[in-house]
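[1] how does the following fold in three dimensions:
(one chain, ligands or ions: 2)
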Amino acid sequence: MKILFVASEVAPFSKTGGLGDVAGALPAALAALGHEVKVVSPRYRDVRDDRLTPTGHSLELRFPFGIERGPILSVRAAPNLELLFLENEHFYGRDGIYGDAFGEFGDNPRRYAYLSMGALQAAQRLGFFPDIIHVNDWQTGLVPVALRRGFQGTALSRARTVLTIHNLAYQGQFGKHVMDELGLPWDLFTAEMGLEFYDAVNFLKGGIQFADALTTVSPTYAREIQEPEGGASLDGLLRARRGVLHGIVNGIDVHEWNPETDPHLPARYGARNLAGKAACRRELLRRFGLSPDTEAPVFGIVSRLAWQKGVDLLLEVMPMALQSDIRFVAVGSGEGRYVDWLRALQQQFPQQVGTFIGFDQGLSHLVEAGADFFIMPSRYEPCGLNQMYSLRYGTVPIVRATGGLVDTVEGGVDGTGILFEAFHPTALLAALRRAQALYAEPERLQDFRQRGMSRDFSWDASARKYERLFASLVTD
Ligand code: ADP
Ligand code: GLC
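    Ligands and ions are numbered 1, 2, ... in the order given. You can find the predicted model right below:
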């Protein structure tokens, strides 16, 4: 099949979270199955790579606010996998992906309309007429809409569209003036088969209405978003579309995340010989200014500091947990209130707590390798990738039983990790205590680590599920 994959970030070129990881790895896995895949993403200022070459084609998109133009650049990652980057100085030639220190960029509707319409025009310009157009999250929600409306009757319009929801909470909601700003026809401003949502424009809703099939990134989250509690006000619509909604758990890039070859680590290790993990642990403690020789268990997090991630619950519990001899290292960036709170915790417990505020991919690998336990107390979690990286690195995950965390971490005495149910300090504290008890029994801990390291989280199985879904749409 020919597959056009559109995403607002693609690792390693651009990344703010798991979407970037998925956009970096899933297209490659589909290409490895023999499909011809092209990925379209913006060329943000930070996307600099010697392999980027001009395609000789460029876009010209007409909006009410003016004509927007920009070249299409390309990186060939495999004979049947090409990454296309849309360059547009005025939309993407600035620091930040979705926003900066002052908040979200005000022109995001225009920036992602350019990506969405631009991806379709790029395919036309390159003479690539896909069977499947696979779009991701609100930033590409206008693709299925535009395909049905603007590109009807062209060679592109026979393509089937699949929208993957990586996070239902981010919907791309804007004031209704955006209809005129982008030149969207007002008959689309309806609740039924349209973009209207409580008198605002909602890009994700448009995608959900117009895509031929919907997926989300784990089976449990697929169920949760059909309930009022997890549905972010779109649960009714998702229930109405449940017949075409599938939960497919993410895989991970097992080449990038491999403790046997990871270039970010001071020593490498595998399931049969964990000696190198001890060296990673020492280096981790050293990097965070903590005494490297301690026997105390090391708990780590690497996270966007956002409400979703439950960092507030963790920070509430930590002063109590730190009464016993444990260490805590945190890598995160995001909301100021959590940054301040983390810093205050570090000042209160300077011998036990280390923090790094910022985004550092190398350091995230070191935390996965060097920590004994990795904590994810998420309020909700569509899939989550860090728990799978942890399992692969022999680091026992402590996760709240929600979304994809339930589908990837096994609880119980013969499990791979520690799960807790209630989003409540007592439940998290009890989980941390269970971890400490496990740490006190080296043989049992070793069994947990080895079970986790033996699990297969490669993209292969999930890519085949996408392949089957795509094939069913094409033959319909
Ligand atoms: P989400 O996409 O909701 O943030 P995921 O667990 O799916 O959650 O993916 C998060 C990804 O972003 C992981 O690859 C994680 O290592 C990375 N990440 C998050 N915060 C940071 C950070 N501050 N520095 C480096 N990597 C980070
Ligand atoms: C989102 C979700 C996360 C998921 C990622 C990739 O950012 O918050 O749970 O793993 O997308 O699908």
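[2] show me what the helix or strand containing residue 56 is packed up against.
    Residue 56 belongs to strand 53-63 when assigned by DSSP states H and E. Taking 3 or more Cβ pairs under 8 Å, 6 or more residues apart in numbering; DSSP states H and E as contact, the helices and strands that strand 53-63 lies on are strand 66-78, helix 108-125. All C-beta spots, glycine's among them, are computed from the backbone N, C-alpha and C.
[3] partners of the shortest one in the sheet?
    Looking back up the chat, that one is strand 66-78. strand 53-63 (antiparallel), strand 81-86 (antiparallel) (DSSP bridges).
[4] will you turn the ones you listed into TSV that also has mean pLDDT and mean neighbour count?
    Output for those, formatted as TSV (pLDDT from 0 to 100; neighbours: other Cβ atoms under 10 Å):
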stretch	mean pLDDT	mean neighbour count
strand 53-63	97	14
strand 81-86	98	23
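[5] rewinding a little: any idea of the angle the strand holding residue 56 forms with helix 108-125?
    Relative orientation of strand 53-63 and helix 108-125, computed by axes from the mean of the first three to the mean of the last three Cα atoms, to 10 degrees: 120 degrees.
[6] who touches strand 53-63?
    67-75, 84, 86, 88, 110, 113-114, 117-118, 121-122, 125-126, 181-183 (Cβ atoms under 8 Å, 6 or more residues apart in numbering).
[7] may I have the beta-bridge partners of residue 163?
    With DSSP bridges as the rule, residue 163 is bridged to residue 135, residue 214.
[8] tell me the pLDDT of residue 390.
    Per-residue confidence (pLDDT) for residue 390: 98.
[9] is it true that it touches residue 397?
    Yes. Using Cβ atoms under 8 Å, residue 390 is in contact with residue 397, at 4.5 Å.
[10] now do the shared contacts for these two.
    In contact with both residue 390 and residue 397: 374, 417, 452, using Cβ under 8 Å, 6+ apart.
[11] for the strands paired with strand 66-78, give me CSV that also has distance to residue 282.
    Putting those into CSV (distance: least, Cβ to Cβ, whole Å) gives the following:
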stretch, distance to residue 282
strand 53-63, 43
strand 81-86, 38
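[12] which residues touch stretch 150-161?
    4, 117, 120, 123-124, 129-135, 143-144, 147-148, 210-213, 470, 473-474, 476.
[13] could you work out the end-to-end span of that stretch for me?
    15 Å (Cα to Cα, to the nearest Å).
[14] up against ligand 1, what does the stretch 201-350 of the chain have?
    302-304, 331-333 (Cβ under 6 Å from any ligand atom).
[15] and these, which of them are buried?
    Buried by 16 or more other Cβ atoms under 10 Å: 302-304, 331-333, out of those.
[16] who touches residue 317 in this structure?
    425, 428-429, 432.
[17] can you pull the contacts of residue 251?
    Residue 251 touches 25-26, 29, 457-463, counting by Cβ under 8 Å, 6+ apart.
[18] nearest residue to it other than its sequence neighbours?
    Once flanking residues are discounted, residue 251 sits nearest to residue 459: 3.3 Å by Cβ to Cβ, 6 or more residues apart in numbering.
[19] rewinding a little: I'd like the residues of the stretch 201-350 of the chain next to ligand 1 laid out as a markdown table, including secondary structure and pLDDT.
    Shown next, in a markdown table, are those (DSSP: H, G, I helix; E, B strand; the rest coil; pLDDT from 0 to 100):
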| residue | secondary structure | pLDDT |
| --- | --- | --- |
| 302 | strand | 98 |
| 303 | strand | 98 |
| 304 | strand | 96 |
| 331 | strand | 98 |
| 332 | strand | 97 |
| 333 | strand | 95 |
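[20] burial of whichever residue of the chain sits closest to ligand 1, as a residue count?
    At 2.2 Å from ligand 1, residue 18 is the closest residue in the chain, using Cβ to the nearest ligand atom. Using other Cβ atoms under 10 Å, residue 18 is surrounded by 23 other residues.
[21] got a list of what it touches?
    Residue 18 neighbours (Cβ under 8 Å, 6+ apart): 166, 217, 250, 383-385.
[22] same check on residue 205?
    141, 171, 194-197, 234, 237.
[23] next one: residue 304
    16-17, 332-334.
[24] filter these by proximity to ligand 2?
    residue 17.
[25] tell me which of the contacts of residue 304 is nearest to ligand 2?
    Scanning these for proximity to ligand 2, where the rule is Cβ to the nearest ligand atom, the winner is residue 17, at 4.4 Å.
[26] now stretch 191-198: average pLDDT?
    92.
[27] er, stretch 342-352 I mean
    98.
[28] picking up where we left off before, taking the contacts of stretch 150-161 one by one, which sit in strands?
    4, 132-135, 213 (DSSP state E).
[29] and the two most separated of these?
    With Cβ to Cβ as the measure, no two of those lie farther apart than 4 and 213, at 14.8 Å.
[30] separation between the closest residue to residue 435 other than its chain neighbours and ligand 2?
    Counting by Cβ to Cβ, 6+ apart, residue 435 lies nearest to residue 373, which is 4.9 Å off, once chain neighbours are set aside. Distance, residue 373 to ligand 2, by Cβ to the nearest ligand atom, to the nearest Å: 19 Å.
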